[in-house]
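# dropping the sequence and predicted coords here.
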Amino acid sequence: MRHLLTLNDLSFMETRQLCQAALLYKQSRYSRNISQFPLADTTTVLLFEKPSLRTRISFEIAAQELGGRSLYLSPQEVGLGKRESIADVAHVLSAYAQTVVIRTFSHTIIEEFAENASIPVINGLTDLSHPCQGLTDVFTIYEHFGPHRPITIAYIGDGNNVANSLLQTAAHMGMSIRLAVPSGFTPNQKALQNAEKAAIYTGADIHITDNPLEAAENADVVYTDVWVSMGQEQETKQRTQIFAQYQVNDTILRAAKPDAVIMHPLPAHRGFEITDNALDGAQSIVFTQAENRLHMQKAILALLAGDTYVFANKSLALAAE
Ligand code: CP
Ligand code: NVA
């Protein structure tokens with residue numbers, strides 16, 4: 001039994017295997033030649049304390065397409081640690097379900113839940129990290145550029161949950177990453193240290209600057225996320241001023257490689273962290289990125305369910321590298 005709370009729960013080899021498995025799921029979605037149903041007769045509960053479109057729907061459909069059921073508990077219903085202690089909820093859900101996906105505020109909530117759960121717990125976003133997003137992001141880059149092109153990602157904006165996870169998945173994949181963040185908004189120190197540890201083996205280069213143009217220069221991927229994350233709404237005015245120079249727009253795109261792609265986890269705040277032109281232009285792959293959440297959630301669910309079929313598949317070429 002294992003959890004996925006942050007990227008520290010995966011080896012860099014497993015990150016690569018997950019990308020390969022997600023690709024297999026994507027290619028075989030309608031042909032069902034991965035004809036196993038690793039979640040048959042199981043229930044995946046989604047316990048969400050913040051809103052969601054992509055994470056909720058992709059996990060629900062992934063669980064169902066892998067032969068299982070899904071059940072969603074909305075922010076109004078949960079009351080984790082309020083209506084009932086976190087530990088008690090973990091014990092109760094462990095008896096009913098086989099997997100739980102949690103979206104919450106403080107990362108300590110999901111840690112306490114996992115300590116008391118006897119079923120796999122998946123982080124569907126906390127204030128600290130968004131591992132399923134980070135895994136999808138590197139899968140999308142790998143799918144787009146193939147395994148042979150050396151990749152540099154320019155992340156521009158807030159050193160938030162999405163940045164923390166992308167930093168680590170990029171390092172796992174050997175993709176270099178430059179983060180342009182204002183001072184005081186750098187990524188989490190532990191996430192950075194863990195990324196640097198992985199980078200020793202994978203050869204990824206990690207660089208932090210406060211200059212968006214420096215990060216974007218000759219980059220293969222230009223990535224941004226909202227300036228105001230869920231739960232930070234009271235800081236909107238202050239953050240909008242601080243991040244004003246960290247917008248992904250035509251100037252940033254001109255600095256990147258001509259065939260660079262634009263990524264954003266969505267939802268986007270158009271006209272703030274990204275312009276309409278950038279988000280809707282030919283270089284944007286944001287909707288492929290959103291679609292890929294589904295394929296990656298399948299790979300994650302299968303891995304945590306102990307599925308041997310998709311992970312033992314001979315075509316997991318990356319894993320064999
Ligand atoms: N990217 C992402 O996690 O989207 P949702 O908040 O809609 O789940
Ligand atoms: N950083 C954003 C990501 C949303 C998918 C947030 O936490 O709100």
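Now that the structure is in, tell me what you want to look at. Ligands and ions are numbered 1, 2, ... in the order given.
# what does the chain put close to ligand 1?
Residues of the chain found near ligand 1 (CB under 6 Å from any ligand atom) are 52, 53, 54, 55, 125, 133, 265, 266, 267. Bear in mind the C-beta positions are built from the backbone N, C-alpha and C, glycine included.
# of those residues, which is the nearest to ligand 2?
residue 265 (4.8 Å; CB to the nearest ligand atom).
# for that closest one, helix, strand, or coil?
coil (DSSP: H, G, I helix; E, B strand; the rest coil).
# surely it and residue 160 touch.
No: distance between residue 265 and residue 160: 10.2 Å, which falls outside the contact criterion (CB atoms under 8 Å).
# what residues are shared contacts of the two?
Overlap of the contact sets of residue 265 and residue 160 (by CB atoms under 8 Å, 6 or more residues apart in numbering) consists of residue 225.
# hang on, the earlier thing: among the residues of the chain next to ligand 1, name the buried ones.
The neighbour-count test (16 or more other CB atoms under 10 Å) applied to these identifies 52, 54, 55, 125, 133, 265, 266 as buried.
# intersect those residues with the contacts of ligand 2.
If you filter these for contact with ligand 2, counting by CB under 6 Å from any ligand atom, you are left with 125, 265.
# need the buried ones among the residues of the chain next to ligand 1 in TSV (columns: pLDDT and secondary structure).
Supplementary listing: those in TSV, determined by pLDDT from 0 to 100; DSSP: H, G, I helix; E, B strand; the rest coil:
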residue	pLDDT	secondary structure
52	98	coil
54	98	helix
55	98	helix
125	98	coil
133	99	helix
265	98	coil
266	98	coil
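# widest-spaced pair of the buried ones among the residues of the chain next to ligand 1?
Checking those against each other with CB to CB, the farthest-apart pair comes out as 125 and 266, at 12.6 Å.
# enumerate every residue touching residue 98.
Going by CB under 8 Å, 6+ apart, residue 98 touches 39, 42, 43, 44, 68, 119, 120, 305.
# in the sheet, who's paired with the third one?
Meaning residue 43. Residue 43 has the following beta-bridge partners by DSSP bridges: residue 69.
# with just CA atoms, put stretch 173-190 into PDB.
Output of stretch 173-190 as PDB, limited to C-alpha atoms (Å, rounded to 0.1, in the frame of the first residue of the first chain):
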ATOM      1  CA  MET A 173      12.600  13.300 -16.500                       C
ATOM      2  CA  GLY A 174      15.900  15.100 -17.100                       C
ATOM      3  CA  MET A 175      14.200  18.200 -18.400                       C
ATOM      4  CA  SER A 176      15.900  21.500 -17.500                       C
ATOM      5  CA  ILE A 177      13.800  24.100 -15.800                       C
ATOM      6  CA  ARG A 178      14.200  27.800 -15.300                       C
ATOM      7  CA  LEU A 179      11.800  29.500 -12.900                       C
ATOM      8  CA  ALA A 180      11.200  33.200 -13.100                       C
ATOM      9  CA  VAL A 181       9.500  34.200  -9.800                       C
ATOM     10  CA  PRO A 182       9.500  37.500  -7.900                       C
ATOM     11  CA  SER A 183      11.600  37.500  -4.700                       C
ATOM     12  CA  GLY A 184       9.600  36.100  -1.800                       C
ATOM     13  CA  PHE A 185       7.700  33.700  -4.200                       C
ATOM     14  CA  THR A 186      10.300  31.100  -4.800                       C
ATOM     15  CA  PRO A 187       9.300  27.400  -4.800                       C
ATOM     16  CA  ASN A 188       9.300  25.300  -1.600                       C
ATOM     17  CA  GLN A 189      12.800  24.600  -0.400                       C
ATOM     18  CA  LYS A 190      12.200  20.900   0.100                       C
END
